[in-house]
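1. please work out how this folds:
(2 chains)
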2 protein chains.
Amino acid sequence: MKPVKLGLLGLGTVGSGTANVLKRNSDEITRRAGRGIEIVAAAGKNLDSHQCRDVTGMRLTEDAFSVVNDPQVEVVVELIGGTTLARELVLAAIDQGKHVVTANKALIALHGNEIFTRAQEKGVIVAFEAAVAGGIPIIKAIREGLAGNRINWVAGIINGTGNFILTEMRDKGRDFQDVLAEAQRLGYAEADPTFDVEGIDAAHKLTILASIAFGIPLQFDRVHTEGITGITREDVAYANELGYRIKHLGIARRTEQGIELRVHPTFIPERRLIANVDGVMNAVLVSADAVGPTLYYGAGAGSEPTGSAVVADIVDVVRAMTTDPENRVPHLAFQADTLADTTILPMEDVKTSFYLRLRVLDRPGVMADITRILASLDISIEAILQKEQDDDTTEADVILLTHEVREGNMIQAIREIEALETVKTPVIRIRLENLK
Amino acid sequence: MKPVKLGLLGLGTVGSGTANVLKRNSDEITRRAGRGIEIVAAAGKNLDSHQCRDVTGMRLTEDAFSVVNDPQVEVVVELIGGTTLARELVLAAIDQGKHVVTANKALIALHGNEIFTRAQEKGVIVAFEAAVAGGIPIIKAIREGLAGNRINWVAGIINGTGNFILTEMRDKGRDFQDVLAEAQRLGYAEADPTFDVEGIDAAHKLTILASIAFGIPLQFDRVHTEGITGITREDVAYANELGYRIKHLGIARRTEQGIELRVHPTFIPERRLIANVDGVMNAVLVSADAVGPTLYYGAGAGSEPTGSAVVADIVDVVRAMTTDPENRVPHLAFQADTLADTTILPMEDVKTSFYLRLRVLDRPGVMADITRILASLDISIEAILQKEQDDDTTEADVILLTHEVREGNMIQAIREIEALETVKTPVIRIRLENLK
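-> Residues are numbered from 1 along each chain as shown, chains lettered A, B, ... in the order given. Next up, the predicted model:
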């Protein structure tokens, strides 16, 4: 079957990230989607400055409408941002019966009602996973994964810039202006940071979340929006002292009187998982009647994280265009005839770090014996802790943390250590993972 | 359009939860699915002991095959567990061209390859979101939400019983056997806890996660599985001291040599979000090349949480059976003609708790004035903190945390407090949410 042909609008951060992910993972993506996917035309403002690593097969142009109108293009991917030109381009694509994928939260929050009505008339899909919380598949989770629930409320850290600033203020006791300047230097904040720090970006996203959670039209102008510019390091410090963290949350809550839509700095108890979402990361906490609380965490912005969500939407569209509607998503994620015969690694070849606990006789030379055995099997030590036992001063616990080592080597080392007459009980070993 | 007719196999915890969620939320579910859904027949072992709150319209029987064979039944929902009878029932349903939804991880892990092959031949869907991590839509997230990524590894707390035991051992310094007995009393652990504490249940789930993450067949017999029965409170305490937590993880990792599949107790740094997933909750951390790390958290078991995932699968199936394939999922989650005209609450009617910070003259009577104003507006105080200022002993900071109060009342209170001549600067106020 011929590949599906995409037209890409926008070659900035997200456009380049999307193009790069599609190229790099084309093999796996094809196995998942059941069909190849290629960008045949791409429009950007400045064609010399794009960050796509490989533009083979793409017609590059500065004329975005020429991409939408290109008869080859079956799916239009809108990544230029803004709400005027983007709206015109998206409506033009829909009018031509082309599916649309967009990452544009402002466009959906402000013009989504119009766009979706038009899409429905024309029988095309407009997909917008990347518009909220970047790479986190939160739209899919709420729209499909929680479809059995009555949703009570949604609370999200949905602006990475704001969360980075609040995290730095807390960790380093710094002032808002000071951290903002650093965020601008690092590229986390725009030269004009208004959209992020005044909560407008978060309000766009909250508008979308509330609509899909409660089944109400998009109503951006009804969101109460406060920024974080008034947060001082004194308040951050008092929050800490009281056992709270200050987070900039978007909250949509269903009450008997009506729906609350609000973006503002919020004290939340430090023991909540979402209170520990730091730096530029995003997280959305959803409270629903059947499932209870669920939380979705990940990168909320950036080239490839946002590209990840755009590509997921593209795969959804391709699956809908191509495959048997009743088997749109393959049971095991990849098309059944493309499952791979990859080796499963025997456990002795798996590499992890280890925690070891030994009970030893408290006498000279014991540690030397143990470290000699470890070294001879290529096992390097990250930390050692020795604990005298209250009840018996002739024995001690030795705790070791190792660096990564092949499991087979560790089994051999333990065998040799247990053979030492100074080691009194079997060695306790628990694997250690940094999960980085 | 006539409702879709389900046949339910199993009226135990999950079966009753599914039936109750479908009934209670039938209105919202119909708005999402585009069509009503009703259970027309249900089979259980002991019809007197089910926990369904409303069985109107259901034919109840002890004969599960009669439900599968019922000509009315279009979708079979298998919630009896086990792998022998369940396999026969599911294959019989597929052979009759009926879609299947199941929560049965053992069935999928052991017989999924056979079942999916048969389903594909017959052109039916077999959906199994509830088989892994209960109510968390993790199958959907990996299979669809991350479809653009090459997945590096998956690490999950995917057995709630085990996580409850490890959490209690850590929080209370108790022994494994002691906590296990309590978990059994609370109903978190079975009378025979082998499947949970020996890691077999987690290995079933990991088998499924690895398959959909890497595009490999289901290979339960290749999972290296260790339980938590050997974890002592000494090791839990040492982990703590070293800045780690012990969690029972299922890990599937892609390496150059092959794929690792393993379930075992694991030291993880306490600062990782997943290290702070406590009690019976589940979480799955996925590391992928484009999006980076994402985490999915929620209830991994229980009547309605698991029912939530079962119903999400049912809605997916109904959407595939019913709607235009290119608009399987409505743009705003609910069918466009069912969006609700719910009131958006004005901000002054929103109720939250508050953090207030005031700079006051450090003299008698000030606190009395403030608390009088708050009381007069129905604002009750949860905590007060008074801080003398180093630089100026005539002034002090007063920090107040309030209980929930209507925003309009708080605005009025702040106006009156700021009018006091003992209050020197505008009142700082930040809303506080418990997110429970």
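
2. quick one: the residue nearest the centre of chain A from B:Ala288, how far?
-> Most central in chain A under CA atoms, centre = their mean is A:Gly298, positioned 2.7 Å from the mean C-alpha point. Separation of A:Gly298 from B:Ala288 (CB to CB, to the nearest Å): 9 Å. Just so you know, the C-beta spots here come from the backbone N, C-alpha and C atoms, and that holds for glycine as well.

3. shared neighbours of the two, anything?
-> B:Thr294 (CB atoms under 8 Å, 6 or more residues apart in numbering or on different chains).

4. tell me, how many neighbours does the residue lying closest to A:His50 once chain neighbours are set aside end up with?
-> Distances taken as CB to CB, 6 or more residues apart in numbering or on different chains place A:Leu11 nearest to A:His50, at 3.8 Å, with adjacent residues excluded. When counting by other CB atoms under 10 Å in any protein chain shown, one arrives at 26 neighbours for A:Leu11.

5. for A:Leu11, give me its contacts.
-> A:19, A:42-45, A:47, A:50-52, A:60.

6. quick check: ChimeraX command selecting the buried ones in those.
-> Filtering the contacts of A:Leu11 down to the buried ones (16 or more other CB atoms under 10 Å in any protein chain shown) takes a single ChimeraX command:
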select /A:19,42,43,44,50,52
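
7. tell me the one of the contacts of A:Leu11 nearest chain B?
-> Nearest to chain B, judged by CB to the nearest CB, of the contacts of A:Leu11 is A:Ala19 at 11.6 Å.

8. how far away from the center of its chain is the helix or strand containing the closest one?
-> Per DSSP states H and E: A:Ala19 is located in helix A:13-24. Relative to the chain's own centre, helix A:13-24 is displaced by 16 Å; criterion: CA atoms, centre = their mean, to the nearest Å.

9. pLDDT of the helix or strand just after it, averaged?
-> Going down the chain from helix A:13-24, the next helix or strand is helix A:26-33, by DSSP H and E. The pLDDT scores in helix A:26-33 average 96.

10. relative to A:Ala131, how far out is the residue lying closest to A:Asn282 once chain neighbours are set aside?
-> Nearest residue to A:Asn282 in three dimensions, chain neighbours excluded: A:Gly300, at 2.9 Å (CB to CB, 6+ apart). Taking CB to CB as the measure, A:Gly300 falls 11 Å from A:Ala131.

11. which residues are in contact with A:Met91?
-> Careful, residue A:91 is Leu; it's not Met. A:114-115, A:118.

12. want to throw these into JSON lines with neighbour count and pLDDT?
-> Formatted as JSON lines, the contacts of A:Leu91 follow (neighbours: other CB atoms under 10 Å in any protein chain shown; pLDDT from 0 to 100):
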{"residue": "A:Glu114", "neighbour count": "13", "pLDDT": "97"}
{"residue": "A:Ile115", "neighbour count": "22", "pLDDT": "98"}
{"residue": "A:Arg118", "neighbour count": "16", "pLDDT": "97"}
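
13. ok and the residue in the stretch 201-350 of chain A nearest chain B?
-> For the stretch 201-350 of chain A, CB to the nearest CB, closest residue to chain B: A:Val311, 2.8 Å.

14. neighbouring strands - and their directions - for the lowest-mean-pLDDT helix or strand in chain A?
-> Across the helices and strands of chain A, mean pLDDT, DSSP states H and E gives its lowest value to strand A:381-388, namely a mean of 91. In the sheet, strand A:381-388 lines up against strand A:395-402 (antiparallel) (DSSP bridges).

15. dump the C-alpha coordinates for the partner strand into CSV.
-> Extracted as CSV, the C-alpha positions of strand A:395-402 are listed here (Å, rounded to 0.1, in the frame of the first residue of the first chain):
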residue,chain,number,x,y,z
GLU,A,395,29.6,-9.2,64.2
ALA,A,396,28.7,-6.3,61.9
ASP,A,397,26.4,-5.7,58.9
VAL,A,398,28.1,-4.6,55.8
ILE,A,399,26.0,-2.8,53.2
LEU,A,400,27.3,-2.3,49.7
LEU,A,401,25.8,-0.5,46.7
THR,A,402,27.5,-1.4,43.4
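
16. now what about that strand, what contacts it?
-> A:353-362, A:366-367, A:370, A:374, A:379-389, A:410, A:424, A:432, B:234, B:238, B:242, B:267.

17. quick one, strands of the stretch 1-150 of chain A?
-> Taking DSSP state E, counting those that start in this stretch, the strands of the stretch 1-150 of chain A run over residues A:4-9, A:37-43, A:59-61, A:75-78, A:99-102, A:126-127.

18. do the longest one and chain B meet at all?
-> No: looking at strand A:37-43 against chain B by CB under 8 Å from any CB of the partner chain, there are no contacts, and the closest approach is 9.8 Å.

19. and that strand, what does it pack against?
-> strand A:4-9, helix A:13-24, helix A:26-33, strand A:59-61, helix A:64-69, helix A:303-322 (3 or more CB pairs under 8 Å, 6 or more residues apart in numbering or on different chains; DSSP states H and E).

20. can you lay out those as JSON lines showing distance to B:Val76?
-> Output for the helices and strands packed on strand A:37-43, formatted as JSON lines (distance: least, CB to CB, whole Å):
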{"stretch": "strand A:4-9", "distance to B:Val76": "34"}
{"stretch": "helix A:13-24", "distance to B:Val76": "38"}
{"stretch": "helix A:26-33", "distance to B:Val76": "27"}
{"stretch": "strand A:59-61", "distance to B:Val76": "50"}
{"stretch": "helix A:64-69", "distance to B:Val76": "45"}
{"stretch": "helix A:303-322", "distance to B:Val76": "24"}
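
21. what comes up buried for stretch A:212-230?
-> Quick answer for stretch A:212-230 (16+ other CB under 10 Å): A:212-220, A:222-229.

22. near chain B, which of those residues show up?
-> A:212-219, A:222, A:224.

23. closest to A:Ile428 among these?
-> Checking those against A:Ile428 by CB to CB gives A:Ala213 as the nearest, at 47.2 Å.

24. could you find the closest non-adjacent residue to that closest one?
-> Using CB to CB, 6+ apart, the nearest residue to A:Ala213 is A:Ile151, at 4.4 Å.

25. and that neighbour, what does it touch?
-> A:142, A:213-214, A:254, A:286-289.

26. the residues you listed in helices, which ones?
-> A:213-214 (DSSP state H).

27. can the contacts of A:Ile151 go into TSV with extra columns for pLDDT?
-> Putting those into TSV (pLDDT from 0 to 100) gives the following:
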residue	pLDDT
A:Ile142	98
A:Ala213	98
A:Phe214	97
A:Arg254	97
A:Val286	98
A:Ser287	98
A:Ala288	98
A:Asp289	98
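
28. would TSV of the contacts of A:Ile151 with distance to A:Ala396 be doable?
-> Shown next, in TSV, are the contacts of A:Ile151 (distance: CB to CB, whole Å):
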residue	distance to A:Ala396
A:Ile142	54
A:Ala213	57
A:Phe214	61
A:Arg254	59
A:Val286	50
A:Ser287	49
A:Ala288	52
A:Asp289	54
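
29. surely A:Glu129 touches A:Val315?
-> No: taking contacts as CB atoms under 8 Å, A:Glu129 lies outside contact range of A:Val315: 10.5 Å.

30. need the residues that contact the least confident helix or strand of chain A.
-> A:353, A:362, A:367, A:371, A:374, A:396-403, B:238, B:241-242.

31. of all those, which comes closest to B:Ala92?
-> Nearest member of the contacts of strand A:381-388 to B:Ala92, counting by CB to CB, is A:Ser353, at 48.4 Å.

32. quick check, the closest one in a helix?
-> No: A:Ser353: not assigned to a helix; according to DSSP: H, G, I helix; E, B strand; the rest coil it is strand.
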